[in-house]
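Asks: return a 3D structure for these sequence lines:
(chains A and B)
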There are 2 protein chains.
Amino acid sequence: MKTIAIDAMGGDNAPEAIVEGVNQALAEFSDIEVQLYGDESKIKQYLKATERVTIVHTEEKINSDDEPVKAIRRKKKASMVLAAQAVKDTKADAVISAGNTGALLAAGLFVIGRIKGVDRPGLMSTLPTTDGKGYDMLDLGANAENTPKHLHQYATLGSFYAKNVRGIANPRVGLLNNGTEATKGDPLHKDTYALLEEDKSLHFVGNVEARDLMNGVADVVVTDGFTGNAVLKTMEGTALNIMGSLKSSIQSGGFRAKLGALLLKNSLYQLKDTMDYTRAGGAVLFGLKAPVVKCHGSSDAQAVFYTIKQVRTMLETKVVEQLVDAFTVED
Amino acid sequence: MKTIAIDAMGGDNAPEAIVEGVNQALAEFSDIEVQLYGDESKIKQYLKATERVTIVHTEEKINSDDEPVKAIRRKKKASMVLAAQAVKDTKADAVISAGNTGALLAAGLFVIGRIKGVDRPGLMSTLPTTDGKGYDMLDLGANAENTPKHLHQYATLGSFYAKNVRGIANPRVGLLNNGTEATKGDPLHKDTYALLEEDKSLHFVGNVEARDLMNGVADVVVTDGFTGNAVLKTMEGTALNIMGSLKSSIQSGGFRAKLGALLLKNSLYQLKDTMDYTRAGGAVLFGLKAPVVKCHGSSDAQAVFYTIKQVRTMLETKVVEQLVDAFTVED
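Replies: Here you go, the predicted structure:
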């Protein structure tokens, strides 16, 4: 049995969406147990499951505008902190939250802790490609600065994840750079290139450009936290704005446009599905002693369900234990 | 009369698209003169204009896969190099090319030269916002590395451009960062924030995030060349992939979807127009002693026309001369 500690109070739709996602997951997977941290009476309003679920009541919670490190240190009884503490105390195997990202990173680092040998855990998501296969990118912004050694570690972390959780036999690792030639980039990227090329345990395919990410040029894309954060936010902003512009030009287009949109409904849903990567789960703060996964703040029950599914696969494949071994050998 | 030197042989559609853009521009603007550099017989096939245009024949040209700096040094008679040389020799006021970007940057730096006091000219484009107003972003990748001083200079350069060429009275300058709070980012971005806040000649509005660029959070967005390049390529890749996915889901959607698309034609064109920023002209290598402007490699005649229009405005408003004065005072 795998035990997952879930912050029921994090995110825009908490606790409703969180608890409904848990209901679905418990019905689907008979080998998991869930601990829900948060306001018991509110949680109970939505909780249908009666077995393999416990509520740990607390009234404190971390808000989205709390300063992360301070919040973790001062709000010792916050639902997110208690969930992380349960992992630390080996009462749970993994933690999920849709709350304050910075605070979850801090809880992961300071409460659960890094795998020995991993210098800077990175934030990793599976992002969409047009062929539906996706790729894992890290660091998406856990760190504002990285060294070549960190980026080399991200290549290893991402490869283990792609192999274990996404079932890709020999994941192609690309380094996000400002050109595909080996000589491209600033010293950070040139030095990282050399490290990745040298490491025969990786299937390094060279530099990749941001323009080609959605075409599936690599299964794992390695980048520093500053660039990764900018690229992720650019994708989100561009996709949202294009979809928004299309919607408003349909709405202002009169009857003809509305009829057209109706006939195109399936195609538009298909497009939305391609861009939607919640089925791959949440963003993993990867490199910690246990799975710590962030659901998007606006997650609905389905997104929460898929994140639980993702965490279950991470636990089943023992990807974190494998990393512990890999980094022990390296030291 | 303003004289514009144009590389007729650069880009995927050269010389046809280049020369046809020139035909349109000469018909529209009576105060410009064009010098076309390239293969005379090929240029003549498309050239309709007979006045205010001269052809400078050369058979040499720079290819898209030539190593930029070497190409500039070795191919002294290449159409792009001769066009830049004409500006250097004060036979022309500005240069336009749709060819090898790196080579044009090198020609700008080594043949035309920097404005005194500008350390690292930046590549700047006017990019689309959903409200159609756009924003100027630099550096989009002329440099792989930048210092806070460079970024401060980009804020000044971008403000002069937004004011003069786009007619924005008091351009809002934003610093692209990994969060909007003043304390965000790596040392480069923190130090740049301090410089921008101190400079009372700028209308600095603080940090901006990549997610909000298309919403028009600033008129000028300052970033280092590595991040700017990644963000620009992410925008291009995301937009192209979404439009491509929409197109293929319409094509595979049968008669119903095709009829829907037909009814939606105007809305789809409107969307395409919103995303299309060729009307704002090409990418300026800004900070040089004369306007040096890169048209996209895939430019058609219309894109070339708009780039000529943009260069004409730069010359008319004497934005480069103003920058020379501004940077002289600062020294």
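
Asks: spell out which residues of the stretch 101-250 of chain A are next to chain B.
Replies: A:130, A:141, A:144-145, A:176, A:178, A:184-187, A:189, A:209-215, A:225-227, A:229-231, A:233-246, A:249-250 (C-beta under 8 Å from any C-beta of the partner chain). Placement of C-beta: from N, CA and C, glycine included.

Asks: ok, now how distant is residue A:120 from residue A:159?
Replies: 17 Å (C-beta to C-beta, to the nearest Å).

Asks: filter the residues of the stretch 101-250 of chain A next to chain B down to the buried ones.
Replies: The neighbour count (16 or more other C-beta atoms under 10 Å in any protein chain shown) marks A:130, A:141, A:144, A:176, A:178, A:184-186, A:189, A:209-215, A:225-227, A:229-231, A:233-239, A:241-243, A:245-246, A:249-250 as buried among these.

Asks: next step: the residues you listed restricted to helices.
Replies: Judged by DSSP state H, helices contain the following of those: A:189, A:225-227, A:229-231, A:233-239, A:241-243, A:245-246, A:249-250.

Asks: can you pull out the helices in chain A?
Replies: For chain A, applying DSSP H gives helices covering A:16-28, A:40-46, A:68-74, A:79-88, A:101-107, A:148-164, A:187-198, A:225-251, A:254-263, A:265-275, A:301-316, A:319-330.

Asks: same list (those helices) but as CSV, adding mean pLDDT.
Replies: Formatted as CSV, the helices of chain A follow (pLDDT from 0 to 100):
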stretch, mean pLDDT
helix A:16-28, 97
helix A:40-46, 97
helix A:68-74, 93
helix A:79-88, 98
helix A:101-107, 95
helix A:148-164, 97
helix A:187-198, 97
helix A:225-251, 90
helix A:254-263, 84
helix A:265-275, 78
helix A:301-316, 97
helix A:319-330, 90
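
Asks: count of neighbours near residue A:148?
Replies: Using other C-beta atoms under 10 Å in any protein chain shown, the number of residues around residue A:148 comes to 18.

Asks: what sits against it?
Replies: Contact analysis of residue A:148 by C-beta atoms under 8 Å, 6 or more residues apart in numbering or on different chains lists A:188, A:191, A:192, A:194, A:195.

Asks: so the nearest residue to the last one once chain neighbours are set aside versus residue A:187, what's the distance?
Replies: In space, and not counting its chain neighbours, residue A:195 is closest to residue A:152: 4.3 Å by C-beta to C-beta, 6 or more residues apart in numbering or on different chains. Between residue A:152 and residue A:187 the distance, using C-beta to C-beta, works out to 14 Å.

Asks: beta partners for the residue minimising distance to the centre of chain A?
Replies: A centroid search over chain A (C-alpha atoms, centre = their mean) returns residue A:283, at 0.7 Å, as the residue closest to the centre. Counting by DSSP bridges, residue A:283 forms beta bridges with residue A:294.

Asks: I'd say it and residue A:294 touch.
Replies: Yes. Residue A:283 is within contact range of residue A:294, at 4.6 Å (criterion: C-beta atoms under 8 Å).

Asks: which residues are in contact with each of these two?
Replies: Counting by C-beta under 8 Å, 6+ apart, the contacts common to residue A:283 and residue A:294 are A:101, A:123.

Asks: OK, contacts around residue A:257?
Replies: Counting by C-beta under 8 Å, 6+ apart, residue A:257 touches A:249, A:250, A:251, B:263, B:264, B:266, B:267.

Asks: quickly check the residues you listed for the two that are furthest apart.
Replies: Across the contacts of residue A:257, the longest distance by C-beta to C-beta is 14.1 Å; it joins A:251 and B:263.

Asks: name the residue in those two with the higher neighbour count.
Replies: Shown here are residue A:251 and residue B:263; by other C-beta under 10 Å, residue B:263 has more neighbours (20 against 12).

Asks: now do the contacts for the residue nearest to that one when sequence neighbours are not counted.
Replies: Excluding its sequence neighbours, the residue lying closest to residue B:263 (C-beta to C-beta, 6+ apart) is residue A:260, at 3.0 Å. Applying C-beta under 8 Å, 6+ apart, we find residue A:260 in contact with A:250, A:253, B:259, B:260, B:261, B:262, B:263, B:264, B:265, B:267.

Asks: check those for burial and list the buried ones.
Replies: A:250, A:253, B:260, B:261, B:263, B:264, B:267.

Asks: got these as JSON lines, with distance to residue A:15 columns?
Replies: Shown next, in JSON lines, are the buried ones among the contacts of residue A:260 (distance: C-beta to C-beta, whole Å):
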{"residue": "A:250", "distance to residue A:15": "35"}
{"residue": "A:253", "distance to residue A:15": "40"}
{"residue": "B:260", "distance to residue A:15": "40"}
{"residue": "B:261", "distance to residue A:15": "42"}
{"residue": "B:263", "distance to residue A:15": "43"}
{"residue": "B:264", "distance to residue A:15": "40"}
{"residue": "B:267", "distance to residue A:15": "39"}
